[in-house]
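Quick one, fold the following:
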Amino acid sequence: MKIVFMGTPAFAVPSLEALVRAGHQVAGAFSQPDRPVGRHQNKLQPTPVKERAQARGIPVFQPEKLRDGTALAVLKELDPELIVVAAYGRFLPDEILNLPPKGCINVHSSLLPKYRGAAPINWAILNGETETGVTIQRMVHDMDAGDILLQRSTPIGETEDAEQLYSRLADMGGELVVEAVAQIQAGTASYTPQDHTRATLAPMLSKDLSPVDWTKSAQAVFNQIRGLYPWPGASTTALTGEPIKLWGAQVVEKYTDATPGTVIAAGKQGIDVACGDFMTLRILELQAPGKKRMSAADYLRGHPIQVL
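Below you'll find the predicted structure:
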């Protein structure tokens, strides 16, 4: 099948690769414009999808806008039967959604209708979900509201962070989108409408989510550390008064009636902090301002912490 692929970050790369390996003709790849990186913002970093598409000899298009007619003209020239989208990061206008005869499908990293939006992987962990998955949906005007073609679930590991889950779901998305395209090509695709009353949102992450509220349960704080990894990261000033990033932790079955946020132990095993459910969170890895990430034990060697 002749396909145009639209995607930007690493999550989308397995879907692009899977379509190529399945023998489909990827006539072009759309990706967001390269963004400046580095201390002086003077170097442009190509997107992961752009890099992989170019390595495959696939023409790459990076329009700044989708509504000025330029992208539509390119797509008409490419004349795809189907458009496949995976984490492109842009809303497609109706004239693009209606262009390909087989429609547009999207690879979404949640079990729709739960977690519509930009950060479904993170919010699933932040909210303590034990299961998530990938949905292949037909794209419509409203965000992530289209009929479901295929859906596959997977457990979320008890200690799995967002980066690890991101990688697993990316690979799952590649497998599932090939199945979906095969059904569309064979004319056997069956679509199920979403129950919109069960829809939840997964908005973009921001640094405002970073500060830890120690009055929450130890599990909730642990979920925050996992769900915000690697960006924007969870942080606290409870240890030393300065904002310290928390990169690794574990819930300890250790009852305490200390005030939430109080350090109740600090040593080779880590830094134990009282939480709001009278349980303890043990910090295993952290990062002080201007320093590298390190184990809590290494940090304590140079920065003793007063214990209750």
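
buried ones in stretch 23-30?
For stretch 23-30, burial by neighbour count (16 or more other C-beta atoms under 10 Å) applies to His24, Val26, Ala27, Gly28, Ala29, Phe30. Bear in mind the C-beta positions are built from the backbone N, C-alpha and C, glycine included.

and it, how far from the chain's centre?
Relative to the centre of its chain, stretch 23-30 is centred 24 Å away, using C-alpha atoms, centre = their mean, to the nearest Å.

Ramachandran angles for Arg35?
Backbone dihedrals for Arg35, given as degrees, to the nearest 10, come out at phi -110, psi 150.

where exactly do the strands run in the stretch 1-150 of the chain?
Taking DSSP state E, counting those that start in this stretch as the criterion, the stretch 1-150 of the chain contains strands spanning 2-7, 25-30, 35-37, 43-45, 60-61, 82-86, 104-108, 131-138, 148-155.

should've said the stretch 151-300 of the chain
Using DSSP E, counting those that start in this stretch, the strands of the stretch 151-300 of the chain run over 234-236, 244-252, 263-267, 270-274, 280-287, 294-295.

Quick one: mean pLDDT for the longest one?
In this model, strand 244-252 has an average pLDDT of 97.

Tell me the strands beside that strand, with direction?
Applying DSSP bridges, strand 244-252 is found paired with strand 234-236 (antiparallel), strand 280-287 (antiparallel).

Which of those strands sits closest to Ser190?
Nearest of the strands paired with strand 244-252 to Ser190, taken as C-beta to C-beta: strand 234-236 at 41.8 Å.

Show me how far the closest one is from its chain's centre.
19 Å.

where are the low-confidence patches of the stretch 1-150 of the chain?
Residues of the stretch 1-150 of the chain meeting the criterion pLDDT under 70: 38-41.

Okay, domains of the protein per the record?
The chain breaks down into these domains under automatic domain parsing: 2-198, 207-302.

Go through those domains and name the closest to Leu308.
domain 207-302 (5.1 Å).

Next one: the residue nearest to Arg198 when sequence neighbours are not counted relative to Pro9, how far apart?
Nearest-residue entry for Arg198: Pro113, 5.0 Å, with adjacent residues in sequence omitted and distances by C-beta to C-beta, 6 or more residues apart in numbering. Distance, Pro113 to Pro9, by C-beta to C-beta, to the nearest Å: 23 Å.

pretty sure Ser109 is in contact with Leu169, am I right?
Yes: contact criterion C-beta atoms under 8 Å: Ser109 and Leu169 qualify, at 4.5 Å.

Can you check which residues contact both of those two?
Phe11, Ile121, Thr132, Val134 (C-beta atoms under 8 Å, 6 or more residues apart in numbering).

mind putting the strands of the stretch 1-150 of the chain in JSON lines, distance to Pro232 included?
Formatted as JSON lines, the strands of the stretch 1-150 of the chain follow (distance: least, C-beta to C-beta, whole Å):
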{"stretch": "strand 2-7", "distance to Pro232": "23"}
{"stretch": "strand 25-30", "distance to Pro232": "27"}
{"stretch": "strand 35-37", "distance to Pro232": "17"}
{"stretch": "strand 43-45", "distance to Pro232": "19"}
{"stretch": "strand 60-61", "distance to Pro232": "29"}
{"stretch": "strand 82-86", "distance to Pro232": "23"}
{"stretch": "strand 104-108", "distance to Pro232": "22"}
{"stretch": "strand 131-138", "distance to Pro232": "20"}
{"stretch": "strand 148-155", "distance to Pro232": "25"}
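
Find the residue closest to Val242 in space, skipping its chain neighbours.
One thing to correct before we go on: residue 242 is Glu, not Val. Leaving out its chain neighbours, the residue that sits closest to Glu242 by C-beta to C-beta, 6+ apart is Pro289, at 5.9 Å.

what pLDDT does the one you found get?
According to the prediction, Pro289 has pLDDT 94.

for the strands paired with strand 244-252, which one sits closest to Ile225?
With respect to Ile225, and counting by C-beta to C-beta, the nearest of the strands paired with strand 244-252 is strand 234-236 at 4.5 Å.

contacting residues around that closest one?
Residues from elsewhere that reach strand 234-236, judged by C-beta under 8 Å, 6+ apart: 210-212, 214, 221, 224-225, 228, 243-246, 261, 273.

and the residue nearest to Ala12 when sequence neighbours are not counted, how many residues sit next to it?
Sequence neighbours aside, Ala86 is the residue nearest to Ala12 in space, at 3.8 Å (criterion: C-beta to C-beta, 6+ apart). By other C-beta atoms under 10 Å, the residues close to Ala86 number 28.
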